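>>> test case, fold it:
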Amino acid sequence: MSKKLTIAIDGFSACGKSTLARMLAEKLDYIYVDSGAMYRAVTLYYIQHQLNTEQQLIDHLKLIHIGMQRIQGKNITTLNGINVEKQIRSHAVNELVSQLSTISAVRQKLVLEQRQMSKKGGIVMDGRDIGTVVFPDADLKIFLTASIQIRTQRRFEELMAKGIKTTQDRVRKNLIHRDMIDSNRDDSPLVKAVDAIELDNSYLTKEEQLELVLRWIKNLQNMPELDQ
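Sure thing, here's the model as predicted:
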């Protein structure tokens, strides 16, 4: 059997990182590590145990164990062995997750959890520091790029589809601002890993992009042709 790989996908906002990661995980029957869901699970623990301060959460981190499983084709988030996929989408979690996810100790804890998951392979994860910080030894590192014009159009259409009114100019300025912050932050800035493959998907469909990456994976592990 072919070795199961650890795949890291990084890139700027609105490049389609999560879309590619999810499509790859589904195609390969790998686990898609949803870092956002992991922060939600920590937040759920905070609520369930009626913690009130940042320090209390830090003191409890050693008792928190988060997992990602793939069951019947779906990704499931577990908290201390219990399926919490529904609970982590609650309004109460939504209200707190952004605040708790900024705690450095929480971020360090989750990086350790994510690295533990990658030991058996069969993992796809996207973000801004996956190939450089979280999975520096990933079997395949992809750095997604696209022109600012294309990214602006994609994000604009996404927001309009959700009923969020905005302008393309506002979206473009927001993306440029986020690029600057992501690339210049002190903690794990967004940079292309030296061994990452750069993929400009400005003029590729989702399906074309997926097919290209599947070819890279096939070459890496000499696996039999995947059904298209």
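>>> so what's the spatially most central residue of the chain up against?
With distances taken as CA atoms, centre = their mean, D126 lies nearest the centre of the chain, 3.4 Å away. By CB atoms under 8 Å, 6 or more residues apart in numbering, D126 lies in contact with A8, I9, D10, G11, K17, S18, L20, A21. C-beta: built from backbone N, CA, C; applies to glycine.
>>> format the residues you listed as CSV; extra columns: distance to I66, neighbour count and pLDDT.
As requested, the contacts of D126 are exported to CSV (distance: CB to CB, whole Å; neighbours: other CB atoms under 10 Å; pLDDT from 0 to 100):
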residue, distance to I66, neighbour count, pLDDT
A8, 19, 30, 96
I9, 20, 27, 96
D10, 21, 26, 94
G11, 24, 26, 92
K17, 21, 21, 91
S18, 18, 14, 87
L20, 23, 23, 96
A21, 18, 25, 95
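>>> now, which of the residues you listed sits nearest Q99?
S18 (22.2 Å; CB to CB).
>>> give me the element the closest one is part of.
Taking DSSP states H and E as the criterion, S18 maps to helix 17-28.
>>> quick check: next helix or strand after that helix?
Next along from helix 17-28, by DSSP H and E: strand 31-33.
>>> just checking, what packs against that following strand?
The contact analysis (3 or more CB pairs under 8 Å, 6 or more residues apart in numbering; DSSP states H and E) places strand 31-33 against helix 17-28, strand 66-71, helix 104-117, strand 123-127.
>>> before we move on, back to that, widest-spaced pair of the contacts of D126?
For the contacts of D126, the maximum inter-member distance is 13.3 Å, found between A8 and S18 (CB to CB).
>>> where does pLDDT dip in this structure?
Counting by pLDDT under 70, the ranges of the chain that qualify are 1-2, 223-228.
>>> before we move on, the earlier item: between the contacts of D126, which is nearest K62?
Among these, A8 lies closest to K62 (CB to CB), at 26.6 Å.
>>> mind checking which helix or strand that closest one is in?
Per DSSP H and E: A8 is located in strand 6-11.
>>> between that strand and helix 17-28, how many degrees?
Inter-element angle recorded for strand 6-11 and helix 17-28: 160 degrees (by axes from the mean of the first three to the mean of the last three CA atoms, to 10 degrees).
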